[in-house]
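Could you work out the structure for the sequence below:
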Amino acid sequence: MSSLSETQTRTPASRRGIFSRTVCLALLFGCCILCVWVLLNRFAFDTYSYWDDEGYFILLLAHFLKAGGLYVKTFSQYGPFFTLAESLLHRLFNLPVDLDGGRILTVIYILSSAILLSIFVGRLTRKLALSLPCFVLSVMITAPIVAEPGHPQGVIAILVSAALCLSLLVGTRQESAGLILLGAVNAALVLTKINVGLFFCFALALPIAMTLAKSRFRLLLLGLVVIGSFCMPPVLMSAYLRGWAGSFCLYMLISFAALLVGAFQSGAPNVLRPIRLAYVVLGFVAAAVPILAWAILTGSSPASLVSGIVIRPLGHPRLVYLPLVIPAWPLLLLLLFVLTFLMDPLARRRFPNFGVWLAVGKVAIALGAAGSFLWYPDMAMFYSLPVLPLLLLPNGASSGVSYAFPRLFLVALIEFEMLQAYPMLGTHHNALTASGAWICLLLYDGCSSLGTLNREGGRRSFLFRTPAVLGWLCLALATPAVFWLGGTTKSEAPGYRLHRRQIIWRLVTGGPLPPRSPRLDLPGARLLHMPAAKASIYRRLAESVHTNCDMLFTMPGMGSLNVWSETPPPNGFNLTAWMVGFTAQEQEAIRSRLQQAARPCVVYNPDLARAWIPPGIHLDPDAPMVDYVLHKTRTVLVVGNCEIRVPYSRRAPFIH
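Numbering: from 1, shown residues only. Modelled structure (predicted):
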């Protein structure tokens, strides 16, 4: 009789829990849909970066598809896999090689990466309520790459997300296949951006070394990872180590110290056989060889591949950089977290409630990180580095290799890939791609620890009185999607200068949102929206160039203008900062083609050109194309801050 009465009293609570979880899941699905809607309708096609890396990537791909010869006929700063992936995907989805096609493909990158990361979290936690906010956070964190459509950041985001999913195979029957594919991903990253591939190699070596069976080989690999971790930042940043890069280097060194301390305290089992490392090498070679063979078959030479993949990228930090001095006071916070990791075993023995406070701290940091990545994404990626290893501290759950390896790999991947922010600090958002997964897993570990401690202590905390509390916490992670809408819904229409909270209130009450800016409506950019004042300048430029020019070169590189005016560049050597990035021989080849054209034109933007020149570097006035633009041409039309210039020797009239 007593058991029957207990069942009857528990049933209503169970029904409330089911109802609560259902409501949470419905709201989470709504946040996912809202996130996709904001990305497609208010973000991806309303952003245009004045530095126009977008145009450079369009001209790169268009010329390669026409003439081939990567690094020989077609200039690129990046590896051959990037060009291979872009060309294949444009053909697969039948996308035009223009601004519209590049943005559609970037949206595909963002959504695909978010789906892969949500699968990663869902497989680790078996919680749909956690995979949904992971999707939302991943979309919001990765979305800023639409400011540079066509950039390798999109390809890298997909590869990194796929690698995390492949790490789930370690410790299962498909372990060999997973390690082979991880090696293949590493090869693809090396042949996209060599620095990213190198960082990925170290990130993969750490969990492998931590889970290898105890042997001399394990000690050797672990020693190489530790030494490489502390040597890489100062070697990488040696050019500006005494200046603005010094603080970033110190941040990375302390963060790597926290990573290694957390890794040694993770309790990862030593079960992998050393032969497993051979599978990674096999996958690397099996992927790298056909990619390089494809590049040679399409016109590249072995010497040009070495130059394009290795030699020229080594000089990029000295040519283009964005100095950013990080404040010194957070270094104390970083050191505090490192000491916390060091004292974790002692604190667990001396303080009975340390596990509770650690679990509560994980939940609080996860919720705080979700908001910080939305409001201050550029600085959040620096301040979050030392707390990433919190995910590695044991929480009483199983520490098998299938549990420990993905977490070790996730934290190491974020830490090492943060190095790619140098020398353009705060601009490489693909380094943050996996942060949404880290936030969700940290919340899960904190909640799981609290639940376990409550059961072991024979008590039920107020926070865990109902099974749906985790769902509500997940909803708290996903709610920034609403605020993201408020931050991306902009309009320059009269009477629509609304504050973010007013936009959110209109969304909740069903009121009208501010209208979007008008479409640019130029060739190759039919989907792009732009403020009316800027759009009129670009339309005037494009129309004048289309009417008067049969070949167009820009200083600095503004490749979008070639697309909008349907006017070809001189050859396949295009770059935004070509003034400091091209050799005299490469500039001479461009000038020769311009001199042979019947109606050549140059568009010169002096303000933008000065912005591309790093401090302390002066243009060589005798460089062929610098001399040609500044001294061999005359201004015939000024539109905004752009000058249309034609050679003094041109005979064809210029129609205004």
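
got the contact list for the nearest residue to Arg312 once chain neighbours are set aside?
Distances taken as CB to CB, 6 or more residues apart in numbering put Gln77 closest to Arg312, at 7.1 Å, once the chain neighbours are dropped. Glycine gets a C-beta too; all of them are placed from N, C-alpha and C. By CB atoms under 8 Å, 6 or more residues apart in numbering, the contact list for Gln77 reads Arg312, Pro313, His316, Leu575, Gly581.

Least confident of those?
pLDDT across the contacts of Gln77 is lowest for His316, at 77.

tell me the secondary structure for it?
helix (DSSP: H, G, I helix; E, B strand; the rest coil).

mind checking how far it is from Ile326?
Separation of His316 from Ile326 (CB to CB, to the nearest Å) stands at 21 Å.

Could you pull out the strands in the stretch 101-250 of the chain for me?
Under the criterion DSSP state E, counting those that start in this stretch, the stretch 101-250 of the chain contains no strands.

Please determine how far Asp46 is located from Leu575.
Counting by CB to CB, the gap from Asp46 to Leu575 is 26 Å.

same deal with Leu92?
Distance from Leu92 to Leu575, by CB to CB: 27 Å.

do Val170 as well
41 Å.

Next: Leu450.
53 Å.

How about Leu40?
From Leu40 to Leu575 the distance is 30 Å (CB to CB).

Which one's more surrounded, these two?
Leu575 (22 against 13; other CB atoms under 10 Å).

wait, isn't the more buried one in contact with Phe582?
Yes: the criterion here is CB atoms under 8 Å, and Leu575 meets it with Phe582 at 6.6 Å.

Can you work out which residues contact both of those two?
Phe75.

For the stretch 351-500 of the chain, give me the ranges with low pLDDT.
Along the stretch 351-500 of the chain, the parts satisfying pLDDT under 70 run over 351-352, 373-383, 395-399, 425-431, 453-468, 490-500.

Can you list the buried residues in the helix or strand where Ala364 lies?
If you go by DSSP states H and E, Ala364 is part of helix 354-375. By neighbour count on 16 or more other CB atoms under 10 Å, the buried set for helix 354-375 is 355-356, 358-363, 365-367, 369-370, 372-374.

on that earlier part again, top of the contacts of Gln77 by number of neighbours, please.
Leu575 (22 neighbours).

mean confidence for stretch 554-570?
95.

Give me the phi and psi angles of Arg634.
phi -130, psi 150 (degrees, to the nearest 10).

same question, Val271
Taking degrees, to the nearest 10 as the convention, Val271 sits at phi -130, psi -20.

For it, which non-adjacent residue is spatially closest?
Val401 (5.3 Å).

and the one you found, how far is that from Ala203?
For Val401 relative to Ala203 (CB to CB), the value is 17 Å.

ok, now Phe256?
The value you get for Phe256 to Ala203, if CB to CB is used, is 11 Å.

Overlap in contacts, those two.
Glu415.

in stretch 516-529, what counts as buried?
Applying 16+ other CB under 10 Å to stretch 516-529 flags Arg516, Ser517, Leu520, Leu522, Gly524, Ala525, Leu527, Leu528, His529 as buried.

Out of those, which two sit at the greatest distance?
Across the buried residues of stretch 516-529, no pair lies farther apart than Arg516 and Gly524, at 19.3 Å, counting by CB to CB.

Check which helix or strand Ile617 maps to.
Going by DSSP H and E, Ile617 is not part of any helix or strand.

which residue sits closest to it, ignoring its sequence neighbours?
Val580 (6.2 Å).

for the strand or helix carrying the one you found, packing partners?
Using DSSP H and E, Val580 maps to helix 578-581. If contacts are counted by 3 or more CB pairs under 8 Å, 6 or more residues apart in numbering; DSSP states H and E, helix 578-581 sits against helix 606-612, helix 624-631.

Pick the most deeply packed of those.
helix 624-631 (a mean of 19; mean count of other CB atoms under 10 Å).

How far away from the center of its chain is that helix?
The chain centre lies 36 Å from the centre of helix 624-631; the measure is CA atoms, centre = their mean, to the nearest Å.

Run through the helices of the stretch 451-600 of the chain in chain order.
Using DSSP state H, counting those that start in this stretch, the helices of the stretch 451-600 of the chain run over 469-478, 480-488, 500-509, 532-548, 559-565, 578-581, 584-596.

Most tightly packed of these?
helix 559-565 (a mean of 25).

helices and strands around it, which ones?
Checked by 3+ CB pairs under 8 Å, 6+ apart, helix 559-565 has helix 53-67, helix 532-548, strand 551-555 packed alongside it.

from what I can see Ile414 touches Trp438, true?
Yes: counting by CB under 8 Å, Ile414 sits close enough to Trp438 to count as a contact (6.3 Å).

quick one: common contacting residues for these two?
Leu388.

ok, the closest residue to Leu408 other than its chain neighbours to Pro514 distance?
Using CB to CB, 6+ apart and skipping residues adjacent in sequence, the residue nearest Leu408 is Pro207, 3.7 Å away. Going from Pro207 to Pro514 by CB to CB gives 47 Å.

Who has more neighbours out of those two?
For Pro207 versus Pro514, the count of surrounding residues by other CB under 10 Å is larger for Pro207: 27 against 18.

For the more buried one, report the pLDDT, please.
For Pro207, the predicted pLDDT is 95.

for it, what are its contacts?
Ser167, Val170, Ala268, Ala404, Phe405, Leu408, Phe409, Ala412.

try 7 Å
Phe405, Leu408, Phe409, Ala412 (CB atoms under 7 Å, 6 or more residues apart in numbering).

Tell me the helix or strand right after the worst-scoring helix or strand of the chain on mean pLDDT.
Ranked by mean pLDDT, DSSP states H and E, the weakest helix or strand in the chain is helix 377-383, scoring a mean of 62. Following helix 377-383 in sequence order, the next helix or strand is helix 401-417 (DSSP H and E).

Helix, strand or coil: sort out the residue nearest to Arg312 for me.
Gln77 - assigned by three-state DSSP - is coil.

what about the strand or helix carrying Ser20, average pLDDT?
If you go by DSSP H and E, Ser20 is part of helix 2-38. Averaged across helix 2-38, the pLDDT comes to 70.

now swap in stretch 324-333 and tell me
68.

Settle this for me: Ser49 is touching Ile145, isn't it.
No: here Ser49 does not reach Ile145: they are 11.0 Å apart, not a contact under CB atoms under 7 Å.

Which one's more surrounded, these two?
Ile145 (24 against 13).

so what's the residue nearest to Leu282 when sequence neighbours are not counted up against?
Nearest residue to Leu282, sequence neighbours excluded (CB to CB, 6+ apart): Ile180, at 5.9 Å. Counting by CB under 7 Å, 6+ apart, Ile180 touches Tyr279, Leu282, Gly283.

any idea which of the residues you listed has the most stuff around it?
Gly283 (23 neighbours).

SS state for that residue?
helix.

returning to what we had before: please convert the helices and strands packed on helix 559-565 to CSV, extending it with distance to Ala288.
Converted to CSV, those look like this (distance: least, CB to CB, whole Å):
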stretch, distance to Ala288
helix 53-67, 20
helix 532-548, 41
strand 551-555, 35
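
still on that earlier bit, let me know the closest of the contacts of Gln77 to Leu608.
The closest of those, once distances to Leu608 are taken by CB to CB, is Leu575, at 13.5 Å.

mind pulling up the phi and psi values for the closest one?
The phi/psi pair for Leu575 (degrees, to the nearest 10) is phi -160, psi 150.

Thank you, goodbye.
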